[in-house]
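[1] model the structure of this input:
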Amino acid sequence: MRFNWWTFLLQTVNFAVLVWLLHRFLYRPVLRVIAARRGEIDKQYEQAKAAQSEAQAKLASIEAERAHIASERDAALKAAAAQADEAGVARRARAERDAAALLESARKTIAAERGAALAEARAVAVDLGCEIARRLLAEIPIKLRAEAWLERVEEYLAALPQAEREGLTHQIENGASLEVVTASELPVDAADSWRKRLQHALGDGIAVAFATDPALIAGVELHFPTAILRFSGQSTLAAMRSELDPHADAR
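    Coordinates of the predicted model:
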């Protein structure tokens, strides 16, 4: 295989454009989203601090009331002083419980908001990166992309254990065909190359059909009668979203 300087130069330019686009349309917007969420969290934290100060002021007021009651030394008011002291203790305990509950609620709210902000920022980053990648890949000739995908498929099939490879081959015998699904239609010469090389990898007698599915974004899927081998951008994107939100598949 000869090294093509024009292809290398085109890929270098595409990579530089990708870096610039990511910096301009992904990194900066994500920072703005995070900054806005951080501002909201800081505001809620300040509100929690104000609530804590109010609770502390209430406690100080109760302590002052207890001190005033304790200053009454008249024997005739000892019983009333004892009752007031008990009431003060109860109010203090209730105020402490209320303050603790308020602080705990504020902490949980802040943690939930922070988690939601990070999840949203990551989801925006994945979607934006996917769209940028789709547009950049559209600039690369389909023939070059198809060659790269085919090499990846060949390497995967060659690395399979003999028993697994034979199991795939048995599925497409007796009239069944292997369907090659790509995001965009392959040129005729590329399709012929795919057919010959797949027959070389899986067996000369197999039938190979071709189909398109734009949802794949890039790459290829090999559809056997009872199995699918995925080498597409769609499967990579699904894995990334699953890592960001483990419950996404369940929904």
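
[2] now stretch 13-24: mean pLDDT?
    Stretch 13-24 shows a mean pLDDT of 83.

[3] with stretch 187-199 instead?
    Throughout stretch 187-199, pLDDT has a mean value of 88.

[4] again, but for stretch 207-227
    Model confidence over stretch 207-227 averages 85 on the pLDDT scale.

[5] again with stretch 32-46
    Mean predicted confidence for stretch 32-46 is 84.

[6] same check on stretch 114-122?
    For stretch 114-122, the mean confidence score works out to 70.

[7] next one: stretch 83-91
    Mean pLDDT, taken over the full extent of stretch 83-91, equals 83.

[8] give the buried residues for it.
    Buried residues in stretch 83-91, counted by 16 or more other CB atoms under 10 Å: Ala84, Gly88, Arg91. The C-beta positions use only the backbone N, C-alpha and C, and glycine is treated the same way.

[9] next one: stretch 5-24
    When burial is assessed from 16+ other CB under 10 Å, stretch 5-24 yields the following buried residues: Leu21, Leu22.

[10] run the chain-centre distance for it.
    Relative to the mean C-alpha coordinate of its chain, stretch 5-24 is positioned 25 Å out (CA atoms, centre = their mean, to the nearest Å).

[11] also stretch 64-77?
    Chain-centre distance of stretch 64-77: 63 Å, with CA atoms, centre = their mean.

[12] what's in contact with it?
    With CB atoms under 8 Å, 6 or more residues apart in numbering as the test, stretch 64-77 has contacts from Ala81, Ala84, Asp85, Gly88.

[13] show me those residues that map onto strands.
    Using DSSP state E, no member of those falls in strands.

[14] may I see those organised as TSV, with distance to Ala35 added?
    As requested, those are exported to TSV (distance: CB to CB, whole Å):
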residue	distance to Ala35
Ala81	56
Ala84	51
Asp85	51
Gly88	46
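
[15] ok, which pair from those is furthest apart?
    With distances taken as CB to CB, the most widely separated pair in these is Ala81 and Gly88, at 10.3 Å.

[16] mind listing the helices in the stretch 51-200 of the chain by residue range?
    If DSSP state H, counting those that start in this stretch is used as the criterion, the helices of the stretch 51-200 of the chain fall at 78-139, 142-159, 162-171, 188-202.

[17] format those helices as JSON lines; extra columns: distance to Pro214.
    As requested, the helices of the stretch 51-200 of the chain are exported to JSON lines (distance: least, CB to CB, whole Å):
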{"stretch": "helix 78-139", "distance to Pro214": "9"}
{"stretch": "helix 142-159", "distance to Pro214": "13"}
{"stretch": "helix 162-171", "distance to Pro214": "26"}
{"stretch": "helix 188-202", "distance to Pro214": "18"}
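
[18] would you mind measuring from Val181 to Ile110?
    Using CB to CB, to the nearest Å, Val181 is found at 46 Å from Ile110.

[19] okay, now Thr182: neighbour count?
    24 (other CB atoms under 10 Å).

[20] I figured it hits Ala215, correct?
    No. Assessed by CB atoms under 8 Å, Thr182 is found out of contact with Ala215, at 11.3 Å.

[21] pull up the gap between Ile62 and His23, please.
    From Ile62 across to His23, the span is 57 Å (CB to CB).

[22] which non-adjacent residue is nearest Pro214?
    Ala183 (5.6 Å; CB to CB, 6 or more residues apart in numbering).

[23] next up, the contacts around Leu198.
    Contacts for Leu198 (CB under 8 Å, 6+ apart) come out as Val153, Leu178, Val180, Ile206, Val208.
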